[in-house]
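# Need coordinates for the below:
(one chain, ligands or ions: 1)
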Amino acid sequence: MTATSQSDPVCGMHVDPKTGVPVEHDGHLYYFCEAACADTFRDDPDRWIPRDLAGEA
Ligand SMILES: [Zn+2]
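Take a look at the predicted model:
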């Protein structure tokens, strides 16, 4: 199964990976609606990572 859409962890918006801003963190690729959200994430990634993603088995 392939993920075709992502949620911006900062603002919660739906983001198309083709047009979103990718940021790699701790082996995961996160997508953001704009550079401002990506910058906010980079500033403090642990604050924004969804817990169910970070804790997957
Ligand atoms: Zn955003």
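# use CA for all of it now, contacts and neighbours both
OK.
# What parts of the protein come near the ion?
Cys11, Cys33, Cys37 (C-alpha under 5 Å from the ion).
# The same query, at a cut-off of 6 Å, please.
Contacts of the chain with the ion, taken as C-alpha under 6 Å from the ion, map to Asp8, Val10, Cys11, Met13, Phe32, Cys33, Glu34, Cys37.
# most neighbours, which of these?
Phe32 (28 neighbours; other C-alpha atoms under 10 Å).
# Check whether that one really touches Pro9, as I assumed.
Yes: Phe32 is within contact range of Pro9, at 7.4 Å (criterion: C-alpha atoms under 8 Å).
# And the helices in the chain?
Along the chain, the stretches classed as helices by DSSP state H are 35-43, 45-48, 51-54.
# Number of residues surrounding the closest residue to Pro22 other than its chain neighbours?
Of all residues not flanking Pro22 in the chain, Tyr31 sits nearest, at 4.5 Å (C-alpha to C-alpha, 6 or more residues apart in numbering). Tyr31 has 27 neighbouring residues, counting by other C-alpha under 10 Å.
# where in this structure is pLDDT low?
Counting by pLDDT under 70, the chain contains low-confidence residues at 1-3, 52-57.
# rerun at 80
Filtered on pLDDT under 80, the chain yields the residue ranges 1-4, 50-57.
# so who does the residue most central in space within it touch?
The chain has Tyr30 as the residue nearest its centroid, 2.8 Å off, counting by C-alpha atoms, centre = their mean. By C-alpha atoms under 8 Å, 6 or more residues apart in numbering, Tyr30 lies in contact with Gln6, Asp8, Pro9, Pro22, Val23, Glu24.
# For the chain, which segments are assigned as strands?
All strands of the chain, identified by DSSP state E, fall at 6-7, 14-15, 21-25, 28-32.
# which one of those strands is the most hemmed in?
strand 28-32 (a mean of 20; mean count of other C-alpha atoms under 10 Å).
# Tell me what angle that one forms with strand 21-25.
On the basis of axes from the mean of the first three to the mean of the last three C-alpha atoms, to 10 degrees, strand 28-32 is oriented at 150 degrees to strand 21-25.
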